[in-house]
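[1] Below: sequence and its predicted model.
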Amino acid sequence: MRSVAVGVVAVALLAACGGGGGGATGQPAGSTKVTMTDFHFDPTEITVAHGKVAFFLVNASATLQHDMAIRDSSNNRIAISDLVSAGDTTVFTVDNIAAGSYTIFCSQPGHEASGMSGKLTVT
């Protein structure tokens, strides 16, 4: 009986320490938070300093996967994040982004056409 009680206590302690799932546990210092929903970025206008930039992407969708791509004024894609599953987060880092105006968008089929885009200003 005693070993069962010890086992139950051990499981309860481990569960209390656990947390749920993997991935990032919070927004890293110095990153810019961008929430992705169906079919919207929040905020839709972002301003960051040139150089290395980190975005904390939060997919608040109930079912759809999203990513964040960055396109320059000549329509060239300069960076794209990993695909983020519904309910997950990720850190998207862009090294050495130059000052200028960019478009952010979700590259998943039909998402940009449904309004999932915004403006990125790099100063």
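    Noted; the coordinates are in hand. Numbering: from 1, shown residues only.
[2] can you give me the strands in this structure?
    If DSSP state E is used as the criterion, the strands of the chain fall at 32-37, 40-42, 45-48, 51-59, 69-71, 77-80, 89-97, 100-105, 117-122.
[3] any idea how far Met68 is from the residue lying closest to Gly30 once chain neighbours are set aside?
    Nearest residue to Gly30 in three dimensions, chain neighbours excluded: Ala54, at 6.4 Å (CB to CB, 6 or more residues apart in numbering). Any C-beta I mention is one placed from the backbone N, CA and C, and that applies to glycine too. Ala54 is 12 Å from Met68, where distance means CB to CB, to the nearest Å.
[4] And stretch 62-80, what's buried?
    Using 16 or more other CB atoms under 10 Å as the burial criterion, the residues of stretch 62-80 that qualify are 64-72, 79-80.
[5] pLDDT at Arg2, what is it?
    For Arg2, the model assigns a pLDDT of 47.
[6] Leu14 too?
    The model's pLDDT for Leu14 equals 37.
[7] same deal with Gly21?
    37.
[8] Please consider this matter closed, and thank you.
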